[in-house]
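Can you look at this prediction? I've put the sequence above it.
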Amino acid sequence: MLYSVVLTLQAINSGQITSFAGQKIHGWLFSLLKKADADLAPALHASVPNKAFTVSSFLGQKLNYPLEIKEGELYKIRLTFLNDYVFQAVSGEIYELLARAIPIQLEKMQFVINKLTLDPEDPWSGFITEEELLENTEENKEISLKFYTPTCFRIGDLHLREPEPEKVFTSLLYKWNTHCSTKFDENLKDKFKEIVILESDVIQKRVQFSHFYIQGFVGTVKYQLPEIPSLIKTANVLAKFAFYSGVGYKTTMGLGQVKRT
């Protein structure tokens, strides 16, 4: 099962989160994982390049300078999970925090969790099985993706900052094959070079982490697929999967948040 959970947080104090909030939320999530399963957290952190979760920054808030937090205001964050075990481990800890109104801390800011949403009617939450995704995805020859947070691809020491079709769909292919039982043919990545960009409305945006910044693209891109049936099927499934998996580098820290439009 794939999950996208939205948490509503209420601020206990006022102040700033001085660097990209996705990095802080990542640290908090790992603290929950360590509490739930002492062996799981270091294994996820160290060894798997396409990890089984993503986090957002604060939904609907600006990304590229310190985030002002006001006491009493409500904020939303999003966590996604690509398997049942990690979801169950984290959600159990979150429900305890929610039930007991235990504060969480992001930098110097404290919040209580007011609500956990796992409702497909919410634009940022929902759940779906792998089988449902495979069976219920239309096979369109055009795919539009909206990249909400900076997206880039790391190749060695380089950060590639353009929405190249091969990079986007190869990233999704590897994430899918890591976490889903139905495997797609990885030779398809060579065919991804035949996907073309029909329309692109993106800009470059940078976000400041604790000791460095990362720049990537945000905006909407429409891709046209070649007349290859297996590629059309696969690319459409991957485009829908992107809502849960994210695209590209540091999706576990809030980058590469994507929706099909």
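That came in fine, so what should we check first?

got any ranges where the chain has weak pLDDT?
40-49 (pLDDT under 70).

Show me where it has its helices.
Using DSSP state H, the helices found in the chain span residues 21-36, 40-47, 84-100, 130-135, 165-179, 188-191, 229-245.

Tell me, how many residues neighbour residue 10?
Residues lying near residue 10 (other C-beta atoms under 10 Å) number 17. Backbone N, C-alpha and C define where each C-beta goes, glycine included.

circling back to that earlier point, can you tell which of the helices of the chain is closest to residue 63?
helix 21-36 (8.4 Å; C-beta to C-beta).

relative to helix 84-100, how tilted is that closest one?
90 degrees (axes from the mean of the first three to the mean of the last three C-alpha atoms, to 10 degrees).

and helix 21-36, which residues are buried?
Within helix 21-36, the residues that qualify as buried are 21, 22, 23, 24, 25, 26, 28, 29, 30, 32, 33, 36, counting by 16 or more other C-beta atoms under 10 Å.

so can I have a markdown table of those showing distance to residue 131?
Below are the buried residues of helix 21-36 laid out as a markdown table (distance: C-beta to C-beta, whole Å):
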| residue | distance to residue 131 |
| --- | --- |
| 21 | 34 |
| 22 | 31 |
| 23 | 34 |
| 24 | 35 |
| 25 | 30 |
| 26 | 30 |
| 28 | 32 |
| 29 | 27 |
| 30 | 30 |
| 32 | 28 |
| 33 | 27 |
| 36 | 27 |
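
Show me which pair in the residues you listed is furthest apart.
Farthest pair in the buried residues of helix 21-36, by C-beta to C-beta: 21 and 36, 22.3 Å.

Can you verify my assumption that residue 195 contacts residue 236?
No: using C-beta atoms under 8 Å, residue 195 makes no contact with residue 236, being 11.8 Å away.

Pull stretch 189-203 out as PDB, backbone CA atoms only.
Listed next in PDB are the C-alpha coordinates belonging to stretch 189-203 (Å, rounded to 0.1, in the frame of the first residue of the first chain):
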ATOM      1  CA  LYS A 189      14.900   3.700 -19.300                       C
ATOM      2  CA  ASP A 190      16.600   3.700 -22.700                       C
ATOM      3  CA  LYS A 191      13.200   4.400 -24.400                       C
ATOM      4  CA  PHE A 192      12.600   7.300 -22.000                       C
ATOM      5  CA  LYS A 193      15.000   9.300 -24.200                       C
ATOM      6  CA  GLU A 194      12.200   9.300 -26.800                       C
ATOM      7  CA  ILE A 195       9.800  11.200 -24.500                       C
ATOM      8  CA  VAL A 196       9.700  14.900 -25.500                       C
ATOM      9  CA  ILE A 197       8.600  18.000 -23.700                       C
ATOM     10  CA  LEU A 198       5.600  19.600 -25.300                       C
ATOM     11  CA  GLU A 199       5.200  22.500 -22.800                       C
ATOM     12  CA  SER A 200       7.400  23.700 -20.000                       C
ATOM     13  CA  ASP A 201       6.600  26.400 -17.500                       C
ATOM     14  CA  VAL A 202       9.300  26.100 -14.900                       C
ATOM     15  CA  ILE A 203      11.700  28.400 -13.000                       C
END
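
Now do that stretch: distance to the chain's middle.
Distance, stretch centre to chain centre, for stretch 189-203: 20 Å (C-alpha atoms, centre = their mean, to the nearest Å).

And for stretch 134-153?
Between the centre of stretch 134-153 and the centre of its host chain there is 13 Å, according to C-alpha atoms, centre = their mean.

All set now, cheers.
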